[in-house]
Each structure stands twice: as C-alpha cells, then as structure tokens.
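> Just need the structure, nothing else, for what follows:
(chains A and B)
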Amino acid sequence: MKKKAEILENARLPWRIHSMLCLLFAATAFPGAARAFPDQANADDLTAIPIENLLNMEVYSASRFVQNISDAPSAVSVLTATEIKTFGWRTLAEALRSLLGLYVSYDRNYSYLGARGFSRSGDYNPRFLLMVDGKRINDPIYDQAAIGSEFVLDIDLVERIEYVPGPGSSIYGSNAFFGVVNIITRRGRDFKGLEVSGEAGSYGARKGRMSYGLQNENGAELLISATGFNKNGTDFFFPEYSTDNNHGVAQGLDYERGQQLFLKGAAGPFNFSLAHSERNKGTPTASYGQVFNAPGSKVVDEQTLVDFGYRKSLAPQADLSTRFYFNNYKFLGNYIYSNAGGSPALTVNQDESASNWWGGEAKLVTTQLDGHKLVAGVEYQKSSPIEQTNFYIDPYVSQLNSRRHNSRAGMYVQDELQLSADLMLSMGLRYDHNSANAQHVANPRLGLIYQLSAATTFKTLYGTAYRLPNAYELYYQLPGAGGQKINPDLQTEHIRSYEMVLDHQIARDSRIRLSAYVNKVTDLIKLVQDPADNLYVFQNIDQATAKGIEIVLEKAWKSGSRLRTSYTWQQTRDDSTGATLENSPSHLGKLNYSIPFHHDIWRAGFEALYVSKRNTMNSQTGGYLLGNLTLFSDRLLKNVQISASVYNLFNRRYSDPVGEELRQEAIAQDGRNVRLKLTYSY
Amino acid sequence: MKNRLHGRIVCWLLGVFFALPASLSAAPVEENALKAAFIYNFISFTEWPAGTFGAGGAINLCADSRSPMASSMAALNGKHIKAMRLNLHLLDSLQSDLSPCHILYIDRTDRQNWTPIKKKIDNASILTISDDSEINASGVMIALSTLNNKIVFDIDMNVTQRARLAMSSKLLRLARTVR
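A predicted model of the protein is given here:
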C-alpha cells in the first residue's frame, strides 16, 4: 500500500510544473492568432448577402438547448453530439454519468449504471433498457445494457443520447425498469464524404476510425464506419492480495481492445442497419476466486445486430413503422485456477454463452382523432438457442451444457389526450407474455401534464415496470462446493413508481426542473446460498423502497457559454433490514460548464461530478469529487476537429463498490489521464 | 519516467495548436441570425397566388413567441420585399387563427402541435418553414438544417404546389434536395 502511494506522490510534482509551463506557452500563443479575425456580421447585414453566399457561411449556435422537452410525459434528458465533443466523453458510461441522478461504477470488466439509488454491481444493468435508434439491444442471456467500451457502437457515431428516467414497461416491456437509454445514430447525410479520426491517451490508449457517409439527390443515404481501439491499461496493486502472487500487483491484465463496424442505409420508406462489435478485456481483479495475477484471465463480448425497417404514411396523420431484426450475442470468459497438484499447474476454466434472437414489431402512430395522439404496437421476439457452457480446458472437464429457448410477445397502446388547452392526460398499457415461465404481465402508466403558464409545466406520473428473470439467473449452474444451481421458478421483478415534476423556463435561455419520486421494488432477484446444499441460487427475496428529490438547472449565455448543473438526494433502503443498499450514494452533484474562447475558435468544457460515500458488501467507499476538462475546436483548421482532454484533473483517488464475485470490496479507478483526438473530414 | 514524457508531449502539442494561425476560415455567424437571413431570402424567392396581398398590403411572417428564433427574426420586421413591408407576428400560440399569415415559421416549440396546425392550414397559401428534424420529415415546405456547421435547406414541392405557391428556379437549384 505504502509503496504505491510513494510512486504516485513522485509522479505528481513534475506534472504540475509541466501543466504550468504548458498553460504559459498556450497563453503566449493567443495574441498572435487573434488579429486575423474580423468582426462578426450581424443579422442586418446578413439579409443583404446573396443566398449563395449564405450557404457557405459557418454557424455557431447560441441557444440550441431551448427545447420543448417540458411537454414530454417524462422528465427526458438529452445529450447531443456537440456535448459529447465538448466534454470529451469516450464511452456511453461517461456521457450518462453527467446526467441528473445517474452514476456509474466500473470493476475493470464492465461499467454498471446506477439510478434512483439502485446499482447492483456485477449484474450487467438488466434494469435499464438500452436502445439504438429505438431498437432494443439488451441481449437475451444477461439482459445486459452494455455502456462501457463493450457498447456496440463507436461514440463518435452518436448524434443524440436520450434518457427517460422511471418505469417504461408500459411501452417497452421488460427491462425498462429504472430507465430507458435511447441512442440516436448519425446518418449518411451527416457526413460530407470520408471522415477519419484518431486519438491517443494515457495507459497506452489509442483508437482509430474511418467513416464514409453520403446522400444522393433522391434522398437515399448510406453510412459505413469501422473503428479499432486498443489500450494497454495500468498495473494494479490490490492490498487484499498483498500476500499472494506478485505481492498483490496485477501486471498487464487491464488491457482492452476491440473493433466496431457500423453500416446504415435508408432509401424511401426502407431502412437498414448492421452493427458488429467485439471487445476483449483483461481481468486484473482475480474475480470468482481465480489465481491472482494469472495471465490469460479475460472476458470477450461480441455482438451483431441486423435490422430492416419499413415506414409508411397510411394517411396524412397516421404513420406505420415495421421492422425485422436478427441479432447475435456471444460471451467468452477465461478464468484461471490452480490445478490442485496436477500438471499443468494452472488450468483455464472457460465460460461461454451465446444466443441468437430475432423478431419483429409494428407500430402505429396516429393523430387523426382530434385531441388524441395514439400509439399502438405489437412485438414478438424469439431467442433460440440460448446456450450456456462451462468447462475446464486442460484437463477437460465439462461443468455446464445448457441449451434453452425463449420467446416473448407483447402489445401496447398509449394515448395522449388533450383534455383542455393546458391539461394533457397520457395513458399507456402494455401486456406481455413470456414463454420461459409462462408469465403474463400487464403494466399501466398514467401521466397528467398541466401547463400552469407558458413557462411552467407540472407533471404527475404513475407507472409500473417489470423485469423478467434472464437466462443466466434461470439456468446457470455449476457443480461442487460454492457452485450454483438453476431456479426455473424465478418470478418477475416489479417496480411501482410515483413522481412529480415541475418544469420552469426562467428566461429565454434558462430553465429549472424539480422532481420528487418514490419507488417500490418487489421480488428483487438476488443470489443467495441455500443452506440445504451450500449451492448458490437466484431467488426473489428482496424488497426495497427508494425516495429522492432532484433538481437541475440549465442556462445559456449570449456569449455562447452554457451550464447544466444538478443535485440529487436519494435514500434507498432494504424493506426488511432498513439498511441502505450497497452502491447507493445519498448525494449526487453534477456540473457541466462550457465556454467559447479565443474568438470562439475553441470551446472549453469543464465537468465536475460528485458522488457521496457508498456502502460496499461489508464496508464503505469514500465520496469523491471528480473534475474533467476538455478543449475542443472545429474552426482552427478547415475540416479538422481537434480536442485535448484531461480526466480526473485533480488526480483524486477513488473507488467503486463491486459485486460478490470479487474478494475486493471496491476497485480503484483511474487517476489523472489525458487524451488527444483529431478528426479530419474530406 | 514514462508519465513525465507523456505530459511533455501533450504540453507541446497543445501549445502548437494554440499557436497556429486562426485565419483559415471566415468568422462564423450566429446560427439563428443566419437562419433568419435564409427565411428572408425564401420569402423573396416565393410567389404567392395573385390577389393574396391587397393594394399597399404587407407580408405577414408568423411564429410562436416562445420560439428560440423569435429574437433573431425580429431583425426582419419592417424590412421591405417587393415593395411590401414585412411584418413579424409573434403569436402566443400557433393554435390561434393563422389566416392572416403568409409565412409560418415553426420549430420544436410546437413540435407536438404540428399535426393539428398542418391540418388547420389545409392547403392555404402559407409558406411553412421549419428547422426541427421531426417537423422537417413530415410535410413542411422548406426544411432548414445544419450540416457540418453550415445551413442547408430541402424543399417539398408537393406541399408547396398544393398551396399554390411558386418558388424561383434559383431557390430550387440551391436546395440540397427537392422532392
């Protein structure tokens, strides 16, 4: 422990000197460049300019954020591609944790999302529905919402991230439990041909992307993009293993590398997309009782998503959209154990799972009835086969060979009814049937939206949601002491949520939102040890209640600077013990501020994130305040975007709570690190 | 040692980028101000059916008073197009009477109301312009959008012709797409 601290102290001083020198150098460079810039034209002059010339003028946006999201039946949050660049977010997880009420933990394998005081480390986010362009991408084995580098897309291809907090099962069915994340991707027309991007950062991180997008005169468009990334990672000292191999230092096991491919096209009413990704991540933590610091310990995630869509206007006010998809997910985990005196001394345990899932859906949106906006749809999904295997490679011992099938069918209807000029009622109901445990579920949702004045909206929302037990929880088993057994009788988890939201536009460029909620979760699925046979098994045993208050303020200034800041107080307790849940901070604070400088050529984006102390399995992690800074410019050089980021600016040492599969209570996160990125469009 | 080298590289790169001359592109203009100038041009290049404007009449441009474009469009108020005065009418709600309007600018402020508004306009000779991606995709005449920090526009001739409006060939030529 002490040894590690010394190394860090030594590294700190030179960096400080360097940052100062660097700032000085940068500051002296400013005046030289400033003179070249003429005064900005004002609106009066612009009308005198021929329209051909207007088409060639570059713009900057001053009040883009004034959006009409106050009318939406939930407290929707939106992040744009501009913000992704401004704040230098490298993964979906980094973008999402800037949002009101969300927090993320990372166990050096996967990133786990927390909302409303819930984040069960080690369970792969099955209580969030993750969608790409409105399509569900949670896999059918773990129902994983992959938000770290395991996410199927390069974040550079994201146009917009929408987060809808609260239960969404009345439209989306299972997994839309705590919230729905929808990623809107860029289109062919958003590119002017070829775009090449390269980045490099600390821990030997590098990433390259090549994209090509176009739109023809008939409106047909195509986007093709390929990404490769690689990161060496860092060496870790784990005090829990200090008497173990290599004195508790895990060497060269934090690497990650992967590829992503994305193809998307649209012509007339048809659209098509194909996404493929593969990620290899080393496991430095010796999870699941592995031999410490053993090379070869890793997890691999592979996803392929293929989708065809057709959209047709049935009438001027009625739109029908249908789609068919075929997806595949594969997981491979290599775990290293000692071979109890045998030869070889170490043996690799390989855990594999794979599933195909395919299906279709149809959705009708109509506003033909006066004062109504009606949405209705049907969905069918078949997962076949769902395979889970586990075996020792040498000597070969098979431990699990499971092959299952599953299907889900659902139908839903939602109506937005304008009761009067200032009162809107939103009602939704969805009915689902699931073949795995032959369960029927109906989930309603009710929202009343009252427009108090042009600037103020008040909403009250009631909703329920559910999550089906996934194939891993139902059918995974391992023999022997500390093993696990199947539980095909698992029931669905349920949540009931009550929420009040007050939205107020203070001035043209600033708004404030206040919300309060109470959530009741029942039949939570938890891994427990059965005293009868000492085997682990998933059971519906937990109940919990969460309540919280959230406030978010957004403001934009004429100068072009912007602020979004939020605070969350939340309390999430186990109903039977009254104890605060693990990984559930009571306070969250966020601040995202960006300001143009150097004649609007550059934009600086500063981000501060506060997470208060959290319970781990048997202990606690301290609270932390994290600062990130990014400088971005797309005007310095024609066709070039450049950005430089420093993450964990103050070099804070902080840890995230982790699940039971790790001997560690919490895992240390990255110290100060940097990234440089260049993008060129032809 | 490795760490220190890292810092030095970042520092130098940063310095070099700041020092590069900034005169490579023209000064960018505020997006909404430029959009307002486009709207001005769209009006100039559009012909309304004969008799739309009475003698000494004015051209009425309508928009929601809550629109983020409201203050930028104010710069157009009182300008003259084809010897007629352009009047900006900022309405409390687009649900109100739109019959005096010759041009209707609509954005995400009224995204939810677009369908009933469209229904209400019902082929009247009102030039509809929007910059909202959803409205742009559903029957607006001129759709403004931003592409690589520049403004582009698309024209829907079907709706335009149904409203008996005529657009100059120059405008059609400059549009990104015409359908």
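> And the pLDDT at A:V299?
The confidence metric pLDDT takes the value 97 at A:V299.
> Could you give the separation of stretch A:526-542 from the chain centroid?
30 Å (CA atoms, centre = their mean, to the nearest Å).
> List the buried residues in that stretch.
By 16 or more other CB atoms under 10 Å in any protein chain shown, the buried positions in stretch A:526-542 come out as A:527, A:535-540, A:542. Where you see a C-beta, it was placed from the backbone N, CA and C, and this is true even at glycine.
> again with stretch A:563-574
A:563-570, A:572-574.
> Please flag which of those sit within strands.
Among these, the ones falling in strands (DSSP state E) are A:563-570, A:572-574.
> Could you report the neighbour count for B:L104?
26 (other CB atoms under 10 Å in any protein chain shown).
> And for A:N651?
Residues near A:N651, counting by other CB under 10 Å, number 16.
> Excluding sequence neighbours, find me the nearest residue to it.
Nearest residue to A:N651 in three dimensions, chain neighbours excluded: A:R672, at 4.1 Å (CB to CB, 6 or more residues apart in numbering or on different chains).
> Does chain B have contacts with stretch A:425-442?
No - against chain B, stretch A:425-442 shows no contacts by CB under 8 Å from any CB of the partner chain, the least distance being 11.6 Å.
> Just the CA atoms of that stretch, as CSV, please.
Only the C-alpha atoms of stretch A:425-442 are listed here, as CSV (Å, rounded to 0.1, in the frame of the first residue of the first chain):
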residue,chain,number,x,y,z
LEU,A,425,-53.5,13.1,-19.9
SER,A,426,-51.1,10.4,-21.0
MET,A,427,-52.2,6.8,-20.6
GLY,A,428,-50.4,3.7,-21.5
LEU,A,429,-50.9,0.0,-21.1
ARG,A,430,-48.8,-3.0,-22.2
TYR,A,431,-49.5,-6.7,-22.0
ASP,A,432,-46.7,-9.2,-22.3
HIS,A,433,-46.4,-13.0,-22.4
ASN,A,434,-43.2,-14.8,-21.8
SER,A,435,-42.7,-18.4,-22.6
ALA,A,436,-39.8,-19.2,-20.2
ASN,A,437,-42.0,-19.1,-17.1
ALA,A,438,-45.4,-18.7,-18.8
GLN,A,439,-46.0,-15.4,-17.1
HIS,A,440,-48.4,-12.7,-18.2
VAL,A,441,-47.7,-9.2,-17.2
ALA,A,442,-49.7,-6.0,-17.6
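> ok, and what's touching it?
A:73, A:169-174, A:404-417, A:419, A:443-449, A:466, A:468-469, A:471, A:474, A:488-492 (CB atoms under 8 Å, 6 or more residues apart in numbering or on different chains).
> one step back: redo the ones in strands among the buried residues of stretch A:563-574 as a markdown table? Include distance to A:G341 and pLDDT.
Shown next, in a markdown table, are these (distance: CB to CB, whole Å; pLDDT from 0 to 100):
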| residue | distance to A:G341 | pLDDT |
| --- | --- | --- |
| A:L563 | 63 | 93 |
| A:R564 | 59 | 94 |
| A:T565 | 60 | 96 |
| A:S566 | 57 | 96 |
| A:Y567 | 57 | 97 |
| A:T568 | 53 | 96 |
| A:W569 | 55 | 97 |
| A:Q570 | 51 | 96 |
| A:T572 | 47 | 94 |
| A:R573 | 48 | 93 |
| A:D574 | 43 | 92 |
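> Those: which ones sit near chain B?
Among those, chain B is touched by none when using CB under 8 Å from any CB.
> Just the pLDDT at residue 39, thanks.
The chain I'm using is chain A. At A:D39, pLDDT is 34.
> please go with chain B instead
B:I39 carries a pLDDT score of 95 in this model.
> now B:Q112
79.
> Then A:Y142?
94.
> Identify the residue nearest it in space, chain neighbours excluded?
Using CB to CB, 6+ apart, the closest residue to A:Y142 is A:Y124 (4.5 Å).
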